[in-house]
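In: Pasting the sequence and the predicted coordinates here, then a few questions.
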Amino acid sequence: MLPPELGITILSYLNATDLCLAGCVWQDLGNDEYLWQGLCKSTWGHCSIYNKRLPAGFSYRRLYLQLDEGSLTFNANPQEGISYFMSKGILVDHPKELAKFIFYTRRLNWKMLRIYLDERRDVLDELVTLHNFSNQFLPNALRDFFRHIHAPEERGEYLETLITKFSHRFCTCNPALVRDLGLNPDAVYVLCYSLILLSIDLTSPHVKNKMSKREFIRNTRRAAHNVSEDFVGHLYDNIYLIGHVAA
């Protein structure tokens, strides 16, 4: 006996499984396209198909099932998953569109995503430009970056590439900070590596003798001469209080 607008409001809080169950009771509301549209866009924030003129008979419920199927396929084989999305007209084969899809989706397995981005550096470049690090403290910006683009478990060429791209993007987003502190991409690169090593040192149970703040400042300024002691000290405090930058 609920008014339709109240029923729709209640159902908008349900996930896909619960919505299907609710559809057994409230068949009309369970098939409501606005609800399925909300589920699609809240889970997969950007798809090329959202910006197209939708054909007659288009169903967001069917689209949700295709997006779910494509995500599961991606998590088993990234290339096949992207090919599936393209075959259904969900994504356009353009680095910027693929980067937006990845950036606004939380259903993709991070290990498979790392494999895909390592192979598709053009998509990685576009993904980096979607990050806005303006007015963010360096360790917090690095955490935000690695939440979207997970760091590899071992040091190597891919990690160096990620840090290089992050360093340039961070400087682009913070011209005033670069000017006031005398930073540049090379200095930020050094600081990022120092933060990663400090994170491992302070959080690893296998490291008994933890690096002191004085040691961190001394070691870091050997490689980044123009960075002030106060700034490097604040970096240490952030890792000590908040934790790993790439966990």
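Out: Right, received. Where do you want to start?

In: Could you tell me the phi and psi values at Thr105?
Out: Here is the backbone geometry of Thr105 (degrees, to the nearest 10): phi -120, psi 140.

In: isn't it right up against Lys41?
Out: No. Contact between Thr105 and Lys41 fails when scored by CB atoms under 8 Å: they sit 10.9 Å apart. C-beta coordinates here come from the backbone N, C-alpha and C atoms, glycine included.

In: which residues of this protein score low on pLDDT?
Out: Scanning the chain for pLDDT under 70 picks out 1-2, 22-31.

In: which residue sits closest to the residue minimising distance to the centre of it in space, ignoring its chain neighbours?
Out: The centre of the chain sits closest to His148, judged by CA atoms, centre = their mean, with a distance of 1.8 Å. Using CB to CB, 6 or more residues apart in numbering and skipping residues adjacent in sequence, the residue nearest His148 is Phe103, 6.3 Å away.

In: contacting residues for the one you found?
Out: Neighbour list for Phe103: 45-46, 127, 130, 148 [criterion: CB atoms under 8 Å, 6 or more residues apart in numbering].

In: got those residues as JSON lines, with distance to Ala246 columns?
Out: Formatted as JSON lines, the contacts of Phe103 follow (distance: CB to CB, whole Å):
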{"residue": "Gly45", "distance to Ala246": "24"}
{"residue": "His46", "distance to Ala246": "25"}
{"residue": "Leu127", "distance to Ala246": "17"}
{"residue": "Leu130", "distance to Ala246": "19"}
{"residue": "His148", "distance to Ala246": "12"}
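
In: ChimeraX command for the buried members of those?
Out: Buried residues within these, by 16 or more other CB atoms under 10 Å, are selected in ChimeraX with:
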select :46,127,148
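
In: Okay, domains of this structure per the record?
Out: Domains of the chain are assigned by the TED database as 32-94, 131-242.

In: Tyr116 is nearest to which of the ones you listed?
Out: Set against Tyr116 and scored by CB to CB, the domains of the chain come closest in domain 32-94, at 3.7 Å.

In: Between the two ends of the closest one, how far is it?
Out: End-to-end span of domain 32-94 (CA to CA, to the nearest Å): 32 Å.

In: Measure how far it is from the centre of its chain, please.
Out: With CA atoms, centre = their mean, to the nearest Å as the basis, domain 32-94 stands 19 Å off its chain's centre.

In: buried ones in the top helix by length along the chain?
Out: When the chain is parsed with DSSP state H, its longest helix is helix 185-203. Along helix 185-203, these residues count as buried under the neighbour rule (16+ other CB under 10 Å): 185, 187-196, 198-199, 202.

In: between the helix or strand following that helix and helix 185-203, how many degrees?
Out: Downstream of helix 185-203, the next assigned helix or strand under DSSP states H and E is helix 213-223. Per axes from the mean of the first three to the mean of the last three CA atoms, to 10 degrees, the angle that helix 213-223 makes with helix 185-203 is 150 degrees.

In: quick one: the helix or strand following helix 213-223 to helix 185-203, angle?
Out: Sequence-wise, the next helix or strand downstream of helix 213-223 (DSSP H and E) is helix 229-242. Comparing the axes of helix 229-242 and helix 185-203 via the same axes, to 10 degrees yields an angle of 40 degrees.

In: What lies in contact with helix 229-242?
Out: The contact list for helix 229-242 (CB under 8 Å, 6+ apart) reads 137-140, 143, 181, 191, 194-195, 198-199, 202, 213, 216-217, 220-221, 224, 245.

In: Please apply the same query to stretch 171-179.
Out: For stretch 171-179, contacts defined as CB under 8 Å, 6+ apart pick out 131-136, 183-185, 188.
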